[in-house]
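J.: Please find the sequence and the predicted model below.
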Amino acid sequence: MSNNSADKKILRTTFFVIHATRGLIGDQSTRRKTMFAILLIALVLLFSGSTFLRSALNPRDHPGLFIAFWLACAWLTLTALLLSVFDLLMLRIEARKAQRTLREKLSQIETPDSPNAEDNE
């Protein structure tokens, strides 16, 4: 019985994470705000790890904490980088779609058989 409950909890959490991620990735302004926030957090961690947390992150005294801290910084930076690459790809897709739409509209205007061409003459 407890195994079934644990499976449901994992599925519910997975479902939430998937939909939250789709919401973050789908909207351009939310995606950019998320990138900014993630980079800001990574920079604050980088600054604090290099200054006042330096003694707590001494690799000789606390190797596990040192590795975990810098892996978290790298993970946040990589996440922001992947979001920015995704944003660039989405911009390219939207630009191609707009270009294709513009070409179709221009080709409709240029055809002499179109009813708009007779109105212009």
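T.: Ah, there it is. Residues are numbered from 1 along each chain as shown.

J.: So which elements touch the biggest helix by length in the chain?
T.: Counting residues, the longest helix found in the chain (DSSP state H) is helix 63-110. Packed against helix 63-110 by the contact rule (3 or more CB pairs under 8 Å, 6 or more residues apart in numbering; DSSP states H and E) you find helix 28-50, helix 115-120. The way it works is simple: take the backbone N, C-alpha and C, and place the C-beta from them, glycine included.

J.: if we go to 6 Å?
T.: helix 28-50 (3 or more CB pairs under 6 Å, 6 or more residues apart in numbering; DSSP states H and E).

J.: quick one: average pLDDT of the helix it packs on?
T.: Mean pLDDT, computed over helix 28-50, is 91.

J.: Work out which residue lies at the spatial centre of this structure.
T.: The C-alpha lying nearest the average C-alpha coordinate of the chain belongs to Leu83 (CA atoms, centre = their mean; 2.9 Å).

J.: gap between the closest residue to that residue other than its chain neighbours and Lys8?
T.: In space, and not counting its chain neighbours, Leu83 is closest to Met35: 4.7 Å by CB to CB, 6 or more residues apart in numbering. Computed as CB to CB, to the nearest Å, the Met35 to Lys8 distance reads 33 Å.

J.: Between these two, which is the more surrounded one?
T.: Met35 (19 against 10; other CB atoms under 10 Å).

J.: ok, the more buried one - contacts?
T.: Contacts here follow CB atoms under 6 Å, 6 or more residues apart in numbering; on that basis Met35 touches 80, 83-84.

J.: any idea how far it is from Thr14?
T.: Distance from Met35 to Thr14, by CB to CB: 24 Å.

J.: Low-confidence stretches in the chain?
T.: Scanning the chain with the threshold set as pLDDT under 70 gives 1-3, 112-121.

J.: tell me the SS of Pro59?
T.: What DSSP: H, G, I helix; E, B strand; the rest coil gives for Pro59 is coil.

J.: Correct me if wrong: it contacts Phe66.
T.: Yes - here Pro59 lies in contact with Phe66, judged by CB atoms under 6 Å, at a distance of 4.3 Å.
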